[in-house]
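**Q** give me a 3D structure for the following:
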Amino acid sequence: MQTVKMVITGPFSSGKTEFIRSISEIEVVSTEREITTPAEQVKDQTTVAMDFGRITVDDDLVLYLFGTPGQRRFDFMWEILAEGMLGFVVMVDSAKPETFREAKSILETFRAYAPTPYVVAANKQDHPDAWAPEDLRIALRIEDGVKLLPCVAKDKESVKNVLLELLYSILEEMET
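**A** Take a look at the predicted model:
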């Protein structure tokens, strides 16, 4: 049995927990806590350590999904979660351009942890203010060879497509 560790990262409130919840076959192990800082009241809870989910692809392959905290004050967990990862997804809230710089910074941080394949998920594509993936690519200065995929974290099929693209990249790299 082959296990593949994938990390789901991105800025605060970009959809990491929702992404894992919509596809995990087990109840997601989550370390969400209530937010007490009024400035961050876009939502009521935030991940403080990690989220964990699992997907059995077939008899020979299981994916382990580790979601990182999005707030910088919990970034000490990032390197711990990156240990042993075979690939990662950077979630970007397509409707919040003020988070794009943070997303790019997180992408660069994870690339420094390990030279593994990664994809960028342009989340919240169902939102009326969402930027198109092509525009996001320009705004984030993402090279043409990097997969930047439209995503809606609440939609299992959308999440599956993102994970499959990352898995294909990982398998391709394993063969070389």
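**Q** list the buried residues for whichever strand or helix holds Val162?
**A** Assigned by DSSP states H and E, Val162 belongs to helix 156-175. By neighbour count with 16 or more other Cβ atoms under 10 Å, helix 156-175 contains the buried residues Ser158, Val159, Asn161, Val162, Leu163, Glu165, Leu166, Leu167, Ser169, Ile170. Heads up, the C-betas are built off the backbone N, CA and C, glycines and all.
**Q** for these, which one is nearest Asp60?
**A** Checking the buried residues of helix 156-175 against Asp60 with Cβ to Cβ, the nearest one is Leu167 at 12.7 Å.
**Q** ok, now which ones touch that closest one?
**A** Residues counted as contacts of Leu167 (Cβ atoms under 8 Å, 6 or more residues apart in numbering) are Val4, Val57, Leu63, Gly87.
**Q** tell me which two of those sit farthest apart.
**A** Checking those with Cβ to Cβ, the most distant pair is Val57 and Gly87, at 13.9 Å.
**Q** the two: who's more crowded?
**A** The neighbour comparison of Val57 against Gly87 (other Cβ atoms under 10 Å) goes to Gly87, with 24 against 13.
**Q** unless I'm mixing things up, the more buried one is touching Leu63, no?
**A** No: using Cβ atoms under 8 Å, Gly87 is not in contact with Leu63, being 9.8 Å away.
**Q** I figured Ala139 hits Trp131, correct?
**A** Yes: taking Cβ under 8 Å as the definition, Ala139 is a contact partner of Trp131 at 6.9 Å.
**Q** thinking again about what came up before, just put the buried residues of helix 156-175 in a markdown table and tack on distance to Pro97 and pLDDT.
**A** Output for those, formatted as a markdown table (distance: Cβ to Cβ, whole Å; pLDDT from 0 to 100):
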| residue | distance to Pro97 | pLDDT |
| --- | --- | --- |
| Ser158 | 21 | 98 |
| Val159 | 23 | 97 |
| Asn161 | 24 | 97 |
| Val162 | 21 | 98 |
| Leu163 | 26 | 97 |
| Glu165 | 24 | 97 |
| Leu166 | 24 | 97 |
| Leu167 | 29 | 95 |
| Ser169 | 27 | 95 |
| Ile170 | 30 | 94 |
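**Q** distance to Cys151 for the residues you listed - can I get that in a markdown table?
**A** Converted to a markdown table, the buried residues of helix 156-175 look like this (distance: Cβ to Cβ, whole Å):
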| residue | distance to Cys151 |
| --- | --- |
| Ser158 | 5 |
| Val159 | 7 |
| Asn161 | 8 |
| Val162 | 5 |
| Leu163 | 10 |
| Glu165 | 10 |
| Leu166 | 12 |
| Leu167 | 15 |
| Ser169 | 16 |
| Ile170 | 18 |
